[in-house]
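**Q** Attaching a predicted model along with its sequence, questions to come.
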Amino acid sequence: MVAVGLYTQAIRMLAALVLFTSFALLAQTRMAALIRLFAWQGALLAVTTALVALVTHQPRLYLSALLTLGLKALLIPWFLNRLVIRLELQHETEDLRGNAMVLLGAAALTVFSYYVVMPIVELSTLVTRNVIAVSLAIVLLGMLLIIVRRKAVTQVVGFMCMENGLFFAAVVSTYGMPMVVELGVAFDVLVASILFGVFFLHLRDSIDSLDVDRLNRLREADE
Amino acid sequence: MADPNLTEGTVLTLALAYLAVASALLSALVALATDRYPVVFKITSFVLLGAAGISAVAAGVMNLLSGKIHTAQLGLGLPWLAWHLRLDPLSGFFMAVTGIVVLAVAFYGPAYVRQYQHGPQPLSVLGFFTGLFVAGMLLVLMADDAFLFLVAWELMSLSSYFLVTYQHQYASNRRAGYLYLLMAEISALLILLAFGVLAQFSHSFAFHAMRHAQVPPFWATTAFVLAFLGFGLKAGLIPFHAWLPEAHPVAPSHISALMSGLMLKIAVYGLIRFSYGLLAHIRWEWGLVLLLMGTASALWGVLYALMQHDLKRLLAYHSVENIGIIFMGLGLSMIFIGTGHPVLGVLGLIAALYHTLNHALFKSLLFLGSGAILMRTHEGDLEHMGGLIRRMPQTAFLFLIGCLSISALPPFNGFVSEWLTFQSALQVSVLSNAVLRAIIPVTAALLALTGALAATCFVKVYGVAFLGRARTRRIRHAREVHWSMRLAMGTLALLCLLFGVLPTVTIRVLGSVTKLLLHRGLPSASVHGWLWLTPVSAGVASYSAPLVVFGLLLALGIGYVLLHPRMSSGAIRRVSAWDCGFGALSTRMQYTATAFSMPIRRIFNPVWLVDESTTVHMDPREPLRVASVEYQLHIGDRFWPMLYEPVSRWVLSAARYVSRIQTGRVRTYLAYSFVTLLVLLWLIR
Amino acid sequence: MAVRASGQPVRVSQYRLSVAPEEWGRVAEEAAHVGLRWGGLWAEDRDARIELTVVLEQCGIYLMVRTRTTDLAPSVASHTAYYPAAGRFERRLTDLFGITFRGQADSRRWIRHLAWSENEFPLRKAYSLVGHDGAAVRPDSGYPFLEAQGAGVYEIPVGPIHAGIIEPGHFRFQAVGESILNLEVRLGYVHKGIEKTAEGRDPDGLARLAGRVSGDATVAHTWAACMAMERAAGIEVPVRALALRAILAERERISNHLGDIGSICGDVGFAFGQYQFGRLRERCLRLHAELFGHRLAMDTVVPGGVQPDLPTDGAHRLLEDGIELRQELEELNAILSENSSLQDRWCMTGILPTETARMLGVLGYVARASGVDFDLRRDVPYAPYDTLKVRVPIATVGDVAARVRVRQEEIDVALGLIDELVSVLPGGPCRVPWSVPASDAEGLGCVEGWRGEHLAYVRFGPDNTIARYYPRDPSVFNWQALEKLIIGNIVPDFPVCNKSLNGSYSGHDL
Amino acid sequence: MAHPLIAWALALLQTLLFIASAPLLAGWIKCVRCVLQNRASPSVLQPYRDLGKLFRKKVVLAEEASWLFRSTPYIVLGTMILAAAVIPLVTVRLPTDAIADVIVLVGFLALGRFFLALAGLDIGTSFGGMGSSREMMVASLAEPAMLMAVFTLSMTASSTNLSTAMHYLLQSGLVLRPAFVFTAAGLMMVAIAETGRLPVDNPATHLELTMIHEGMILEYSGRHLALMEWASEIKLMIYAVLIADIFLPWGIATRFTAWALVMGVVAIGAKLALLVVLLAVIESGLAKMRLFRVPEFLNLAFLLCLLGLLSHIILEVGI
């Protein structure tokens, strides 16, 4: 066993926890709990950023951490929660038949992302290089969430989750993106979430459901 | 290699092997006379079969212990290709396994076949094909060239076809037999092609030439895939298993034991012989395929078994499961060999071989046990059984040992081989390929799931068939079977325990097989003495089955002595079971097999084609009043609509297309012949 | 329909109607056509002739339709074709009187186990109560339950003796694995002969007996019986007594709902809820013991009023208790509704659809949780509810969660009513002297107990004695709902379904 | 390493301590639960009194009971004792530890369960069968999760022997292992399911239709019942000790000195006491799950264990 530094251990632990929240998102059926989990994921990201800032002495990363905390752990979850309450979805649960299969598929995706990342890992010299595999996995799991779920709110969470994965990779492997990019992305996400909110309200008004499968009706092909 | 150094050992070993085949054939011939002289010849036929079993065991064990290779050529067969025979530890091991089961069947048979004596089919047919079947299996093991191998293979397949269709008065049996024959022939064809690929490079059908042939990787893989498909089909691997649960149960039970217990093992033998013996370089990708297919088979097999309530069908599905476990061991072995860890490859191979032996023992035991029930009660459906432990106590006890063994519970044999498979799977940290490192533990966890489900299934089987109360009159009046049948089952049960308790000895003996194939044994397994099994090293894992048995007996003994009625609080009072004060427990109130497996069905629902319906008729005179409730459940195999039916449709439409050449005019047929003749002449020009 | 409308109103809301025996079947047909609710059936042996009475209700108006047959073993048409709930009433009368109901789908014995033979009819006048030894009776194991067909189907017999401390009743499940295909309830294990015992009692004696029909609904039964007697005797009960009766009834409602919610928690293994609600119930009962001298307030309602008057500080204590209870409940209800593991067990479990509930005529919270909006206190207001505004909580889903929610809200409503009653508690006497009613005077008492509508029919004989008493507990209807709502559920959900209904065994068996 | 005889004697003593203190643990759980529910609790020693009472009582057997029914209590207790013998409680490196590794341990538990489930079916009543069927459902899903957790442990320590693995963990000092966080959570869930605690089974229930463990042993009485109860208490202890020792191995004796052994006893006692408080807190806040939610629960446990394994492979090995 190679002696590993506390920092590396902590980063790994955080990576594992973020990955875990992604899995938990896939397993969760209740809207309120889903949003809470998403907030936790954001908080973990913020902690990771702060940790990286602490270790690499980059003060601007503290700002980034604060931004993440404010936006991803507080503001967006709060907004989504309000939306859910407004749309009366608090006690709504999604029907998850065959969810065990989805979860096994998620595990397979994790292995796959590790497989994909392996050549990069061998080139990289950073201590936290393995975390890249986890980041990719988080992105893929977010995508999976979007694919397997029908409820629009869940899909938004999946989208945000993908973004979280990218952010995680950026923070851990390159010690964060330039501030401008970060701010831009953060703003984009916020705008996106608001747009989604508006979209839901319209969606519900027009097709009386938030089940995106109902959008099938919009296609022109005859059935 | 082909040097026939005719030492005394060789002569004796080969002679024993010949004797085994000869007695099996003789038993077949003698059996032909049973119709006229039933008693004497029935006994004689089985005595000869027993002799075949004994000599096979002797030949096999001698071979295993000596570790030598014995070869011979017989002047039979094709003009340019004499029959090459060879006995090496691999065939010796399988021969010994065959011998044990055949011996048990020989004990079991005479009393068992009595029920067919006055049946519509002559007993002679049964005896004749049984003899041929056993001879065929033995010959496959001895074959050292592709030609003899396939001849023996066909002998085995064809004779077993007649055994499957023995009771051909039932349409379902005929259908099962047809399916069986079809699959067997496809399998033979694929094996033929696999040998063909090798023969292309060795320029000979003899195995010793193939061993030394230089086969390019592509063709080696092609040959392996063909062989894997061929042998896998015969072994009943998913998705080629569909014939197995149809064919095995319809044969008489002692034949089911031979088929499930042995014939599937012959297919395993074929694959080991082909890939380890004939193909020089094993690739890890092959192992991965084997591992994944094995895992799928194990899981699928046990899940389907759980849904069955026909005892023999259930056991047949368990064969699919166990073949899967054997293939998992082989797959692990190939992965380790292919990635350059031959020692661990040995571990995997030993796990597979051990499980082969174990499955032969406990599956035969269970089939013989189900035969005993069938004979006494004419009942194969679990839902109608119950309480047999009181009517057939000794059979019940022996069957319990079979159940414990197949459920992989310590200290019985099934546990040892599954444990070895686990140990093999846990050595993945040596692999540099991370994906393999992730996949293998998952397959191991699925193996654990399989084991746990198998235990569930056998709790169901034993609980519903032997425990509780008799559900029908026939069961209520069942009585114990003839002592010879119990002796046969007892022998197998004893061996189940012995091979569970003495794994170190067994593994040391199996070492000669791995020495032959991989040039090394597993010395680390028994380095701490016979008491301790340490497959890799004592630090990594250890298991002491004798001490476990000792500890269990000690705990039981102390408990019994301390708490025996004499010692403590007095005699036991018997009262009727708790009925909540209602006063009339009936057999309808027992848990049924369907009910028992219902939670599992609900969890894994997508696995099966479940057709479940509850028909409720309301009373026309009173709204809301239920007049009758009828429940129906049919569980279908998903592979039928997924694989077999499309294939059969495709074949049928192809046949219809081809049938256009079928004109019915003689002159047209002659024209076909004429054209064929011309083409052939042109080809051999 | 040839109806001879001989009825003069007993009260404004009650009418009587006589029909010929051969018209009996058409009563149900016409009633069903009009959409009347079928509310109970009883019979009486009058001068070696059977008099059958059925109660029908609509829009708060009760109609007693009656027929007199010519002999003691008559055969009349069954009502089951229109009112499935009638079946058990009719089978019961067959067992007790020997009446044959034609066209009945189910003619198995019901209330009769093996305690008396097939040819004995305990409620006929000729049947004497003396001369029966008290020896133990064999269990009635030969009762022909419906057997589901198909391979793999099995039966689960549960009861009459249960693991918990509950009343005896037998449940026979037809199941396959964990799924319930069908359930039949077999009751009658606590048949005590209430009706026979009542014959010949004086009004006080009957009130005491009524209080023991079903211990947890003692106030409701006694009130219904007293109301019936008072209507028969034409007695005007003082306003203070009426208010006190209502307070008692509402307190009974509260304590039983508290206990039941606790038990429903307990049946899904939520010990916290079980013990907290159990504690609150116990507090309620202790206050009853202090204020009314009995934990269940048994024998406090008496003919002509209420027996012990409320102690001087009683009003104050009640108000105080209500405030505390509200506070505690607010916390507890929040915990229950936020506990997802608990809600997961309750939601969509044991659904009783509105249509089934209506057809079976279920009552009380069971009906209200399934969207049947009926509450006597609001729809047939009797004093003192006629002066109060009663809010009736309704749910539509009909699952266990809905029944719990309706009960939680009913506690709230009851607390409000008590506050209102206590704060304007009128003075004056709480009991008026009894005046002997005329022979043959009869009355029907209708009270909304905590389980639902309680009916009590009383007819006086000569000399202030009771000739016939029939208490109809709401459980009789609700028990039948259990058999319907459980189908398709899984076996381990049965206890919680049963508890959410909580029918009275004793009130049913009588 | 001490003299083999002393080592064997110590092993025997440890096993005796293990099985003797199992009822104490059960009593402690009841105590904590009662306190959490605002109830007066029975004495911590109550399980001993219950066992004593049952041992003294006469056995009443159902008429249908076969020899299997009568021998099952002994077999179940025997397997539990055997399992207890191979688990390091106070000290590692005892000779008994080598008899069976952790996979065999799972096998012992499975053997006991096999007989327990059969005994449930032996009388031929519906309650017993129901209990057996449910128990086997839970077990067949819990076992793979458990083995997955075991795999993570054994891949970390490259050994399936508990004693060796714990020794390894002690040697490697305090390392933050993400794999172990998941595995610990997964194993806890498995333990809850396997020992019949809430939210999978309600140990306090007596409702016939909802029982799992109690359903199977419904027909047992007297000393048979005592053995069954004791066995289930040992089983609870086994899981608790496994979790405590694998994830918090500190304090366990690595040398056979008196001081180290005393410290070992104190350490395991403290760990178990704390673990039980945690268990009781979890239990008190939950209702029992609907039966067919249990598979979801166990799927989650399996997933956690799988995640543990994956994060071990991805985050810990590849460096």
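**A** Received, thanks.
**Q** Could you use CA atoms for every contact and neighbour count after this?
**A** OK.
**Q** low-confidence ranges in the chain?
**A** You didn't say which chain, so I picked chain A. Segments of chain A classed as low confidence (criterion: pLDDT under 70) are A:1-4, A:88-98, A:120-129, A:174-187, A:190-191, A:193-195, A:197-223.
**Q** other chain: chain C
**A** Across chain C (using pLDDT under 70), the flagged ranges come out as C:1-12.
**Q** Which residue in it shows the largest distance from the geometric centre?
**A** Most distant from the centre of chain C: C:Ala151, at 39.3 Å, with distances by Cα atoms, centre = their mean.
**Q** before we move on, could you check phi and psi at that residue?
**A** Per-residue torsions, C:Ala151: phi -70, psi 140 (degrees, to the nearest 10).
**Q** which residues does it contact?
**A** C:Ala151 sits next to B:383, B:594, B:631-633 when contact means Cα atoms under 8 Å, 6 or more residues apart in numbering or on different chains.
**Q** out of the residues you listed, which is most surrounded?
**A** The most crowded member of the contacts of C:Ala151, judged by other Cα atoms under 10 Å in any protein chain shown, is B:Thr594 (24 neighbours).
**Q** Disregarding residues adjacent in the polypeptide, which is nearest to that one?
**A** Closest residue in space to B:Thr594, ignoring its immediate chain neighbours: C:Gly152 at 4.9 Å, by Cα to Cα, 6 or more residues apart in numbering or on different chains.
**Q** got the contact list for that neighbour?
**A** Each residue near C:Gly152 by Cα under 8 Å, 6+ apart is listed here: B:383, B:592-595, C:176.
**Q** The same query, at a cut-off of 10 Å, please.
**A** For C:Gly152, the contact set (Cα atoms under 10 Å, 6 or more residues apart in numbering or on different chains) comprises B:309, B:382-384, B:588, B:590-596, B:598, B:631-633, C:175-177.
**Q** Now, these that are in strands?
**A** When DSSP state E defines the strands, the subset of the contacts of C:Gly152 inside them is B:631-633, C:175-176.
**Q** Switch these over to CSV; also include distance to D:Leu248.
**A** Shown next, in CSV, are these (distance: Cα to Cα, whole Å):
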residue, distance to D:Leu248
B:Tyr631, 52
B:Gln632, 52
B:Leu633, 50
C:Ala175, 46
C:Val176, 45
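**Q** near chain D, which of those show up?
**A** Residues shared between the ones in strands among the contacts of C:Gly152 and the neighbourhood of chain D: none [Cα under 10 Å from any Cα of the partner chain].
**Q** Count the neighbours of the residue of chain A found nearest chain D for me.
**A** At 4.8 Å from chain D, A:Met13 is the closest residue in chain A, using Cα to the nearest Cα. By other Cα under 10 Å, 22 other residues sit near A:Met13.
**Q** Show the residue spans covered by the helices in the chain.
**A** You didn't pick a chain, so chain A it is. A:6-27, A:31-56, A:59-68, A:76-86, A:99-123, A:130-148, A:152-174, A:179-207 (DSSP state H).
**Q** my question was about chain D
**A** Remark: helices assigned in chain D by DSSP H are D:4-36, D:46-56, D:67-85, D:102-122, D:126-157, D:162-171, D:178-194, D:213-216, D:222-247, D:258-284, D:294-311.
**Q** Need the ones you listed in CSV (columns: distance to B:Gly539 and mean pLDDT).
**A** Below are the helices of chain D laid out as CSV (distance: least, Cα to Cα, whole Å; pLDDT from 0 to 100):
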stretch, distance to B:Gly539, mean pLDDT
helix D:4-36, 18, 90
helix D:46-56, 38, 92
helix D:67-85, 18, 92
helix D:102-122, 13, 93
helix D:126-157, 10, 90
helix D:162-171, 7, 86
helix D:178-194, 21, 88
helix D:213-216, 36, 88
helix D:222-247, 17, 92
helix D:258-284, 23, 88
helix D:294-311, 21, 86
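**Q** and of the ones you listed, who's closest to B:Phe228?
**A** Between B:Phe228 and the helices of chain D, the shortest separation by Cα to Cα is 28.5 Å, and it involves helix D:126-157.
**Q** mind checking the backbone torsions on B:Leu531?
**A** Per-residue torsions, B:Leu531: phi -80, psi -30 (degrees, to the nearest 10).
**Q** whoops, I mixed them up, B:Pro252
**A** Here is the backbone geometry of B:Pro252 (degrees, to the nearest 10): phi -60, psi 150.
**Q** picking up where we left off before, got a list of what the residue of chain A closest to chain D touches?
**A** The contact partners of A:Met13, by Cα under 10 Å, 6+ apart, come to A:7, A:19, A:48, A:131, D:176-181, D:311, D:315.
**Q** Go again with 6 Å.
**A** Neighbouring residues of A:Met13 by Cα atoms under 6 Å, 6 or more residues apart in numbering or on different chains: D:Pro178.
**Q** Need the three-state assignment for the residue nearest to B:Thr594.
**A** At C:Gly152 the chain is in coil, as set by DSSP: H, G, I helix; E, B strand; the rest coil.
**Q** What count of nearby residues applies to C:Ala73?
**A** 15.
**Q** In a strand, it, correct?
**A** No - looking at C:Ala73 with three-state DSSP, it is coil, so not inside a strand.
**Q** Pretty sure it sits against C:Thr100.
**A** No - C:Ala73 is beyond contact range of C:Thr100, at 7.1 Å (criterion: Cα atoms under 6 Å).
**Q** For A:Ala108, which of the helices of chain D is the nearest?
**A** Comparing the helices of chain D against A:Ala108 with Cα to Cα, the closest turns out to be helix D:294-311 (9.7 Å).
**Q** Tell me which other helices or strands that closest one touches.
**A** Using 3 or more Cα pairs under 6 Å, 6 or more residues apart in numbering or on different chains; DSSP states H and E, the elements in contact with helix D:294-311 are helix D:126-157, helix D:178-194.
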